[in-house]
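Asks: the following comprises the amino acid sequence and a computationally predicted model.
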Amino acid sequence: MSLPPLVEPASELTVDEVRRYSRHLIIPDVGMDGQKRLKNAKVLCVGAGGLGSPTLMYLAAAGVGTLGIIEFDEVDESNLQRQVIHSQADIGRPKAESARDTVLGINPYVKVNLHTERLDSSNVMGIFAEYDLIVDGTDNFATRYLVNDACVLLKKPYVWGSIYRFDGQASVFWSEHGPCYRCLYPEPPPPGMVPSCAEGGVLGVLCASIGSIQTTEAIKLLAGIGEPLLGRLMIYDALEMNYRQVKVRKDPECAVCGKNPTVTELIDYEAFCGVVSDEAQQAAMGSTITPQQLKEWIDEGENIDIIDVREPNEYEIVSIPGARLIPKNEFLMGNALGELPQDKRIVLHCKTGVRSAEVLAVLKNAGFSDAVHVGGGVVGWVTQIEPEKPVY
């Protein structure tokens, strides 16, 4: 459906701004009125990572007057494969500051607001209230549900995107005119079921494809042009170079935007989504060792079997000496239990400890009561024991 412009136009454009945005001004659907609306708009980007990079850069280039950046992380070398708003010289810098400098380098007429804290239930309402539109570029379910619920409660629209390996999704959620994120995904997936980009990887250029869709939708909403992706989910398969759409209907029983909502205030989203399942947390209690303890066991010749539950491509990048690879899914399907020795203590590890905790729960239920896992995983091992090895 067509929607009215989200913001009122600014009073005027300067001569310099007319020159800068001339290719917009000669588009009849944008014109002077649309460009003035962009100038008067305030847009918040949640995250300055893979999706936030192209979104922030193109919103700045388009002439959005005020851009907010909420980001608490620092630039890491592994970010540069896809987070093009940052450069080699920015490694170690706060992402928010690096993104701001790039934005101002693109367009000095843009005002940039930095929010360098972690977004949570205590600050989200105050931050979101300052902006007309939210663009969600986060990569975890807890923050996605937080963003959604805050936008519903504040009656604000937001543009959502998601990426994984070669696949991407994008949509517009606005409970005042259509569905919200919970209408599409009422419940988060079980902990550990959907790998993050850090675990499963992402094709760097995929960020540009989905980020450009998010930016396009933001501009359309602000200027009141075209048909926004409201009530439609765009699904992109980069390997097949295929775009398809799925209709998303407003759920009258939705917990937050339905006729009788049960979520009327913000909740504990970490607990709602669960970084690690309750079963895994229980299994890990008293059965978690440090990388240093594992090193001592190896040096002392302890009778242990070190099992890496990551994927083969991760194992090729870096591994703990003596570890053998049995991917997590083999345990979940039950195929790997027969490969485990009965006369050795099983030591599990993954990248950071999340997947290994899930596998540990499987082993405990199967009778391997003395099995343990390495807290911090291979990242902890490299950081503490073998710093010369790469961390991915």
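Replies: The structure has been received and is ready for your questions.
Asks: count the residues that sit near the closest residue in space to residue 269 that isn't next to it in sequence.
Replies: Once flanking residues are discounted, residue 269 sits nearest to residue 142: 4.1 Å by C-beta to C-beta, 6 or more residues apart in numbering. (Glycine included, C-beta is placed from N, CA and C.) Number of residues near residue 142 (other C-beta atoms under 10 Å) recorded here: 19.
Asks: what residues sit buried inside whichever strand or helix holds residue 142?
Replies: In this structure, residue 142 sits in helix 141-154 according to DSSP states H and E. For helix 141-154, the neighbour count (16 or more other C-beta atoms under 10 Å) marks 141-153 as buried.
Asks: ditto for stretch 176-194
Replies: So stretch 176-194, judged by 16+ other C-beta under 10 Å, has buried residues 178-184, 188, 191-192.
Asks: name the nearest of those residues relative to residue 327.
Replies: Using C-beta to C-beta, residue 192 is the member of these that lies nearest residue 327, at 12.7 Å.
Asks: pLDDT score assigned to the closest one?
Replies: On the pLDDT scale, residue 192 is placed at 60.
Asks: residues contacting residue 95?
Replies: Going by C-beta atoms under 8 Å, 6 or more residues apart in numbering, residue 95 touches 48-49, 71, 73-75, 79, 83, 86.
Asks: give me the number of residues near residue 8?
Replies: Neighbours of residue 8 using other C-beta under 10 Å come to 11.
Asks: does it touch residue 41 like I think?
Replies: No - taking C-beta atoms under 8 Å as the definition, residue 8 is not a contact partner of residue 41, at 9.6 Å.
Asks: quick one: the helices in the stretch 201-350 of the chain, in order.
Replies: 206-223, 269-273, 278-284, 291-299, 312-317, 328-332 (DSSP state H, counting those that start in this stretch).
Asks: and the helix or strand of the chain with the lowest mean pLDDT, what does it pack onto?
Replies: Least confident helix or strand, the chain: helix 197-200 with a mean of 71, by mean pLDDT, DSSP states H and E. With contacts defined as 3 or more C-beta pairs under 8 Å, 6 or more residues apart in numbering; DSSP states H and E, the packing partners of helix 197-200 are strand 158-164.
Asks: quick one: residues in contact with the strand it packs on.
Replies: Applying C-beta under 8 Å, 6+ apart, the external contacts of strand 158-164 come out as 50-51, 133-137, 139, 144, 147-148, 151, 168-174, 181, 194-195, 197, 200, 202, 206-207, 210-211, 213-214, 217-218, 221, 229.
Asks: and for stretch 136-148?
Replies: By C-beta under 8 Å, 6+ apart, stretch 136-148 touches 45-52, 55, 119-121, 124, 134, 158-163, 173, 180-182, 188-189, 194, 196-197, 211, 214, 256, 266, 269-270, 272-273, 275.
Asks: got it, and stretch 218-231?
Replies: Residues contacting stretch 218-231 (C-beta under 8 Å, 6+ apart): 1-7, 29-30, 34, 37-38, 41, 43, 55, 59, 62, 64, 132-133, 135, 157, 159, 170-174, 177-179, 213, 217, 247-250.
Asks: cool, stretch 110-119 as well?
Replies: When contacts are defined by C-beta under 8 Å, 6+ apart, stretch 110-119 is touched by residues 46, 60, 63-72, 94, 96-97, 100, 103-104, 123, 127, 130, 143, 146-147.
Asks: list the buried residues in it.
Replies: So for stretch 110-119, counting by 16+ other C-beta under 10 Å, buried means 110, 112-115, 119.
Asks: from those, which shows the smallest pLDDT?
Replies: The minimum pLDDT among the buried residues of stretch 110-119 falls on residue 119, with 95.
Asks: ok, that one to residue 153 distance?
Replies: The gap separating residue 119 from residue 153 is 15 Å, by C-beta to C-beta, to the nearest Å.
Asks: and the buried residues of stretch 176-194, which of them are in helices?
Replies: 181-184 (DSSP state H).
Asks: and the spatially closest residue to residue 40 that is not a sequence neighbour, what element?
Replies: The shortest distance from residue 40 to any non-neighbouring residue, by C-beta to C-beta, 6+ apart, is to residue 10 (4.1 Å). In the assignment (DSSP H and E), residue 10 maps to no helix and no strand.
Asks: next one: residue 113
Replies: Counting by DSSP H and E, residue 113 is found in strand 111-115.
Asks: note down every partner strand of that strand and its orientation.
Replies: strand 66-70 (parallel) (DSSP bridges).
Asks: so the partner strand versus helix 141-154, what angle?
Replies: Computed with axes from the mean of the first three to the mean of the last three C-alpha atoms, to 10 degrees, the direction of strand 66-70 lies at 140 degrees from that of helix 141-154.
Asks: mind listing what the closest residue to residue 237 other than its chain neighbours touches?
Replies: Of all residues not flanking residue 237 in the chain, residue 167 sits nearest, at 5.9 Å (C-beta to C-beta, 6+ apart). Counting by C-beta under 8 Å, 6+ apart, residue 167 touches 206, 235-238.
Asks: pick out the most distant pair among these.
Replies: 206 and 235 (12.5 Å).
Asks: start to end distance for stretch 30-48?
Replies: Using C-alpha to C-alpha, to the nearest Å, one end of stretch 30-48 lies 27 Å from the other.
Asks: stretch 200-212 too?
Replies: Note: stretch 200-212 ends 22 Å apart using C-alpha to C-alpha.
Asks: of all the residues in that stretch, which ones are buried?
Replies: 201-203, 206-212.
Asks: ditto for stretch 318-336
Replies: 318-320, 323, 326-328, 331, 336.
Asks: likewise stretch 79-99?
Replies: 79, 82-86, 90, 94-99.
Asks: closest one of those to residue 343?
Replies: Closest approach to residue 343 among those (C-beta to C-beta): residue 79, at 44.0 Å.
Asks: mind checking the SS state of that closest one?
Replies: Secondary structure assignment for residue 79 (DSSP: H, G, I helix; E, B strand; the rest coil): helix.
Asks: ok, and the closest non-adjacent residue to it?
Replies: Closest to residue 79 by C-beta to C-beta, 6+ apart is residue 86, at 6.1 Å.
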